[in-house]
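Colleague: Got a sequence here, can you build the structure:
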Amino acid sequence: MPDQIKNGTILLAEPFMLDPNFKRSTVLVVEHNPEGSLGFIMNRRVNMRVDKLVKEFPDFDASVYFGGPVGTDTVHYLHRKGDLLEGSDEVMPGIFWGGNYEKLKILIDQRLITPRDIRFFVGYSGWSEDQLQEELNGGSWVTARMDPNYLFKSDPENLWAQVMENKGNAFSVIAGMREEPTYN
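Modeller: As a prediction, this is how the structure comes out:
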């Protein structure tokens, strides 16, 4: 039976994926429909603060993440303040995507949004119609349930292994596998 993808699904790269964009990546799917799918890699921190990347942005000590290889000239954000930021799309309970950008800057200035409430991404991960399902059928991805803590509280460097471990059974063994297959 094929895996069911929906908004809020996590995609875990299979352990030996060679594509450098997705090697050991943990992707949150934020939009899935018959035309395709879109998500953000949650565990690829870029060595830059958002206020240094985006012009005329408030002083804000929040890291930027590589969301994926598509649209790397764009910045996106996932947050947990959908009640304050109009225009946000609810991905799943506790996680929102986007929203009014000017209002975002005001909420940051007023300290109503803190770095613990939001993640910024350069680029995104995208799949055309049926492409993601074909990749799943081919074994490129393992699906998992999303928990907002993965995005807002977990250590991004260990997120892939943490989510694999939380799946249990054989996935716990996979979580402990080293990246270089010759060592396993």
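Colleague: And the pLDDT at Tyr183?
Modeller: What the model reports for Tyr183 is a pLDDT of 47.
Colleague: go on, Leu12?
Modeller: At Leu12, pLDDT is 96.
Colleague: Low-confidence bits of the protein, can you list those?
Modeller: Scanning the chain for pLDDT under 70 picks out the ranges 1-3, 170-184.
Colleague: Recalculate using a threshold of 50.
Modeller: Residues of the chain meeting the criterion pLDDT under 50: 1-2, 183-184.
Colleague: what ranges do the helices span in it?
Modeller: Listed in chain order, the helices of the chain (DSSP state H) span 50-53, 101-109, 131-137, 148-152, 159-167, 170-175.
Colleague: Any chance of these in a markdown table with mean neighbour count and distance to Arg44 as columns?
Modeller: Where C-beta positions appear, they are placed from N, C-alpha and C, glycine not excepted. Shown next, in a markdown table, are the helices of the chain (neighbours: other C-beta atoms under 10 Å; distance: least, C-beta to C-beta, whole Å):
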| stretch | mean neighbour count | distance to Arg44 |
| --- | --- | --- |
| helix 50-53 | 16 | 15 |
| helix 101-109 | 16 | 22 |
| helix 131-137 | 16 | 18 |
| helix 148-152 | 18 | 13 |
| helix 159-167 | 19 | 10 |
| helix 170-175 | 14 | 18 |
